[in-house]
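Chemist: Need coordinates for the below:
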Amino acid sequence: MLPRRDRSWPFLKGVLLCSLTLSSPMAADLDTGDAYSFDDFPREEPLVYPDWFKRSFLDIRTDLEEALAAGKRGLMVYFGQQRCPYCQRLMRVNFGLSDIVEYTRRHFDVVPIDIHGIEEVATLDGDLVSEQEWALREETDFTPSILFYDAEGREALHLRGYYPPYQFRAALEYVADGHYRRESFRDYLARGENRMVFDSEDLNEESFFAPPPHNLDRRVRAERPLVVFFEQGDCHPCDVLHGQALREPAVRRHFGDLDAVQLDIRSETPLITPGGRRTTARDWAADLGLFYAPALLFFDEAGREFLLLDSVAGFYRLRQVMRYVAAKAYRDRSYGAWRASRRE
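Modeler: Numbers count the residues shown, from 1 in each chain. Here you go, the predicted structure:
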């Protein structure tokens, strides 16, 4: 890993949520390691759900009704894979913390879905589909994905991928306390952040990033797909991405075949979006609802967005994404459908 840059201020991610989030400390005997740096290759041992997950007949409307009858705020539907290291991280780290488990069980029932499963699901809108079909329809591209449904059966929040405990706590409270009715999850997190804004000079640089000005207009078809890195200063997960996964030749070589730009998610840097709109990096990130950095947003040659990776991602996950892009599979199928076809 590349050495960390010297900085005048400490990394404050651990206290991101201030008074907005639950306040119980992490269990002293829980070895979480670095929340952003771990072996993300598929596991040999299959995943085991916590015994407090709901034993569901996969009638989601009935599951929601039973949750409300038990005095809960809504339903969490967990989409995962048996050998997914990010899913195991969620189970062992996030659900290894007593405060998260207690808060989750008090406010939600949790229904597990295997994204490769063949069991029939009755969804809230009355459709009968397989677990795999539902997962593809809900664009659960990166597991674990969690759909939060409120008491009216409306989707309150969709988390795609693994997030460390402090952000996961915030997501639970954001839905349980009804903040989703008044503000975006991005704005909710920002209210609890209270951090200094760092300059773009604090960002990690890469040789494949195109320099400004950033005219990303693709109303006239481009020759190559585009990836936009939304990052921010004093960002530990950004450092991990650049210092580890992006140093690996199996990942790095693919970026030579893309147009790539880096934007500071908080900056007023002017740009033109792939759709031809004039805006700033900060306003575009807000319009997209981005709340996690680094976020990688992919567009095809005609400016169509086809993939967003905005959760913890290591070498294996990023390599799979870049293989999907390099194969130009995005032209006729989603990432989830491509992944399923490779598995079959």
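
Chemist: From now on I want contacts and neighbour counts done on CA atoms only, so please keep to that.
Modeler: Noted.

Chemist: Which stretches in the stretch 151-300 of the chain count as strands?
Modeler: 155-160, 214-215, 226-231, 259-264, 270-272, 278-280, 295-299 (DSSP state E, counting those that start in this stretch).

Chemist: Same list (those) but as TSV, adding distance to residue 166, mean pLDDT and mean neighbour count.
Modeler: Formatted as TSV, the strands of the stretch 151-300 of the chain follow (distance: least, Cα to Cα, whole Å; pLDDT from 0 to 100; neighbours: other Cα atoms under 10 Å):
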stretch	distance to residue 166	mean pLDDT	mean neighbour count
strand 155-160	14	97	19
strand 214-215	34	96	15
strand 226-231	19	98	22
strand 259-264	23	97	22
strand 270-272	32	98	19
strand 278-280	29	98	16
strand 295-299	18	98	20
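
Chemist: Give me the below-cutoff pLDDT ranges for the protein.
Modeler: Confidence mapping of the chain against pLDDT under 70 gives the ranges 1-33, 193-201, 344.

Chemist: how about a cut-off of 80?
Modeler: Where the chain drops to pLDDT under 80, the residues are 1-34, 192-201, 343-344.

Chemist: thinking again about what came up before, would you list the strands of the stretch 151-300 of the chain in a markdown table and tack on distance to residue 76?
Modeler: What follows is those, written out as a markdown table (distance: least, Cα to Cα, whole Å):
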| stretch | distance to residue 76 |
| --- | --- |
| strand 155-160 | 10 |
| strand 214-215 | 40 |
| strand 226-231 | 28 |
| strand 259-264 | 32 |
| strand 270-272 | 38 |
| strand 278-280 | 35 |
| strand 295-299 | 24 |
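
Chemist: and residue 48, what is it in contact with?
Modeler: Residues near residue 48 by Cα atoms under 8 Å, 6 or more residues apart in numbering: residue 82.

Chemist: now it: how far from residue 302?
Modeler: As for residue 48, its distance to residue 302 is 43 Å (criterion: Cα to Cα, to the nearest Å).

Chemist: next one: residue 62
Modeler: Residue 62 is 43 Å from residue 302, by Cα to Cα.

Chemist: Compare these two (neighbour count), which wins?
Modeler: residue 302 (18 against 15; other Cα atoms under 10 Å).

Chemist: Am I right that the more buried one is in contact with residue 216?
Modeler: No - between residue 302 and residue 216 there is no contact under Cα atoms under 8 Å: 10.7 Å.

Chemist: could you pull out the strands for the stretch 1-150 of the chain?
Modeler: Using DSSP E, counting those that start in this stretch, strands in the stretch 1-150 of the chain cover 74-80, 108-114, 120-122, 128-130, 145-149.

Chemist: With respect to residue 177, which of those strands lies nearest?
Modeler: strand 74-80 (10.9 Å; Cα to Cα).

Chemist: which strands and helices sit next to the closest one?
Modeler: If contacts are counted by 3 or more Cα pairs under 8 Å, 6 or more residues apart in numbering; DSSP states H and E, strand 74-80 sits against helix 60-69, strand 108-114, strand 145-149.

Chemist: how far does it sit from the chain's center?
Modeler: Taking Cα atoms, centre = their mean, to the nearest Å, one finds the center of strand 74-80 at 15 Å from the center of the full chain.

Chemist: pretty sure residue 112 contacts residue 81?
Modeler: No - in this structure residue 112 lies outside contact range of residue 81 using Cα under 8 Å: 10.0 Å.

Chemist: Now for the residue lying closest to residue 334 once chain neighbours are set aside, how many residues are close by?
Modeler: Once flanking residues are discounted, residue 334 sits nearest to residue 306: 7.4 Å by Cα to Cα, 6 or more residues apart in numbering. Residue 306 has 15 neighbouring residues, counting by other Cα under 10 Å.

Chemist: just residue 223 next, same as before
Modeler: 13.

Chemist: quick one, phi/psi of it?
Modeler: phi -90, psi -20 (degrees, to the nearest 10).

Chemist: residues contacting the closest residue to residue 290 other than its chain neighbours?
Modeler: Excluding its sequence neighbours, the residue lying closest to residue 290 (Cα to Cα, 6+ apart) is residue 186, at 6.4 Å. Neighbour list for residue 186: 286, 289-291 [criterion: Cα under 8 Å, 6+ apart].

Chemist: let's go with 7 Å and repeat that
Modeler: Under the criterion of Cα atoms under 7 Å, 6 or more residues apart in numbering, the contact list for residue 186 reads 289-291.

Chemist: Ok, residue 100 next?
Modeler: Residue 100 touches 94, 169, counting by Cα under 7 Å, 6+ apart.

Chemist: For it, give its distance to residue 291.
Modeler: Counting by Cα to Cα, the gap from residue 100 to residue 291 is 21 Å.

Chemist: count of neighbours near residue 34?
Modeler: With other Cα under 10 Å as criterion, residue 34 counts 11.

Chemist: swap that for residue 65, sorry
Modeler: 16.

Chemist: what ranges do the helices span in the stretch 101-250 of the chain?
Modeler: Ranges of helices within the stretch 101-250 of the chain are 131-137, 165-176, 185-191, 236-243, 249-252, based on DSSP state H, counting those that start in this stretch.

Chemist: Turn the ones you listed into TSV, columns for distance to residue 297.
Modeler: Formatted as TSV, these follow (distance: least, Cα to Cα, whole Å):
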stretch	distance to residue 297
helix 131-137	19
helix 165-176	20
helix 185-191	16
helix 236-243	15
helix 249-252	16
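
Chemist: Of the ones you listed, which is nearest residue 281?
Modeler: helix 185-191 (14.9 Å).
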